[in-house]
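A.B. asks: attaching a predicted model along with its sequence, questions to come.
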Amino acid sequence: YEAKKTQRGLQLFNHEINESFQRKVVLEYELRKALEKKQLSVYFQPQLNIQSGAVLGMEALVRWQHEQLGFISPGEFIPIAEENGLICQIGEWVLREVSHHISLWQTEGLQVPSIAINISPREFINVGFVNTIQSIIKETAMNASNFVFEITESIGIDQLDGVIKKLNALKEIGIQVAIDDFGKGYSSLNYLKHLPIDILKIDKSFIDGINDDVNDYVIARAMIQVAHGMGMKVIAEGVETASQIEKLKQLECDIMQGFLISKPLPADLAASFLRNNDRMLH
Ligand code: C2E
Ligand code: MG
Ligand code: MG
Ligand code: MG
């Protein structure tokens, strides 16, 4: 009986693997057509000055809406796109799409804050990466200072020299650099020491526990101190409660982003958010 039970368990297990494998195959196939079929869009999540409430930036987050499969989260399809290289096309599309919205908003007379764009390691390591970015910015008549590029530590500590060169090239153009999800992976102080980073984003996992877990609290505090000591600004990501804001204020964190302030918004609602914010401050 036990053997049978195990076998049945294995069958279920195999069945699950098969299903998730099949879904991956389907998603990969469908993702290749998603751009053409205009199934992708960009949402924007506001980033606020913790003290004044002014909008200092917005993070661009890609969304995929499929006719049959419905909404597919970036957490699921970005890794697939990274694996098969589609992320490069998607990344270029995101930059163009963001530029398009920035110019629409500026034409409307809105104060557009800097827009943060997530850059995958796979895009970043391309030899032509900086040139591609430069030509898109030129082509879309953007100001490079409109953009912050968010990278993660997975960008490759083993080729530190190459990474530093590329980041410096971006900074020369006028693009700011943020390190995303800091503290989550093999984050190393070595990164902060060597990379020309303007903004440190504390990973949500530390913000989650900032009030109840002493370890999260002291780690967040230390990150803010180190970042400030090195002349960086600090963003807390995933802020969900008012008491988290209180703690972050005490710790002199600079910028907050999270569902409590706003979920990521489609472009039209992001514009409304900017409009209201303009009104509030004047
Ligand atoms: P990320 O860059 O760390 O983005 C933050 C994620 O946290 C977003 O998830 C956002 O919706 C979510 N978030 C923000 N505030 C809160 C909060 O208060 N509570 C909770 N529970 N979540 C919050 P999203 O949009 O699903 O994106 C997931 C990841 O996918 C991103 O993590 C980023 O790594 C990647 N991604 C998204 N868009 C792009 C893109 O255009 N290019 C690349 N390369 N990666 C992207
Ligand atoms: Mg990000
Ligand atoms: Mg993040
Ligand atoms: Mg994250």
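C.D. replies: That came in fine, so what should we check first? Residues are numbered from 1 along each chain as shown. Ligands and ions are numbered 1, 2, ... in the order given.
A.B. asks: buried set for stretch 264-273?
C.D. replies: 264-265, 267, 270-271, 273 (16 or more other Cβ atoms under 10 Å). From N, CA and C alone the C-beta is placed, and that goes for glycine too.
A.B. asks: quick check, it touching ligand 1?
C.D. replies: Yes: using Cβ under 6 Å from any ligand atom, we find that stretch 264-273 touches ligand 1 at residue 264.
A.B. asks: report the mean per-residue pLDDT for that stretch.
C.D. replies: Stretch 264-273 carries an average pLDDT of 98.
A.B. asks: could you give the separation of it from the chain centroid?
C.D. replies: A distance of 17 Å separates the C-alpha centroid of stretch 264-273 from that of its chain, computed with Cα atoms, centre = their mean, to the nearest Å.
A.B. asks: one more: stretch 62-74?
C.D. replies: 18 Å.
A.B. asks: so residue 191 sits against residue 179, correct?
C.D. replies: Yes: taking contacts as Cβ atoms under 8 Å, residue 191 lies within contact range of residue 179: 6.6 Å.
A.B. asks: what touches both of these two?
C.D. replies: Taking Cβ atoms under 8 Å, 6 or more residues apart in numbering as the criterion, residue 191 and residue 179 both touch 153, 197.
A.B. asks: any idea how far the residue nearest to residue 100 when sequence neighbours are not counted is from ligand 2?
C.D. replies: Computed as Cβ to Cβ, 6 or more residues apart in numbering, the closest residue to residue 100 that is not its neighbour in sequence is residue 140, at 7.2 Å. In this view, residue 140 and ligand 2 are 21 Å apart by Cβ to the ion, to the nearest Å.
A.B. asks: residue 140: neighbour count?
C.D. replies: As a burial measure, residue 140 scores 16 neighbours (other Cβ atoms under 10 Å).
A.B. asks: for it, what are phi and psi?
C.D. replies: As for residue 140, its main-chain torsions (degrees, to the nearest 10) stand at phi -90, psi 10.
A.B. asks: for it, give me the pLDDT.
C.D. replies: The confidence metric pLDDT takes the value 95 at residue 140.
A.B. asks: from what I can see it touches residue 98, true?
C.D. replies: No: contact criterion Cβ under 8 Å: residue 140 and residue 98 do not qualify, at 9.1 Å.
A.B. asks: the nearest residue to residue 87 once chain neighbours are set aside: neighbouring residues, count only.
C.D. replies: Leaving aside its sequence neighbours, residue 87 sits nearest to residue 81 (Cβ to Cβ, 6+ apart; 4.1 Å). Neighbourhood size, residue 81 [other Cβ under 10 Å]: 25.
A.B. asks: can you check the one 3 residues further on too?
C.D. replies: By the measure other Cβ under 10 Å, the count of residues near residue 84 is 11.
A.B. asks: can you name the residues of the stretch 51-200 of the chain sitting close to ligand 3?
C.D. replies: 180-181 (Cβ under 5 Å from the ion).
A.B. asks: show me the shaky parts of the stretch 51-200 of the chain.
C.D. replies: Across the stretch 51-200 of the chain, the ranges flagged by pLDDT under 70 are 157, 187.
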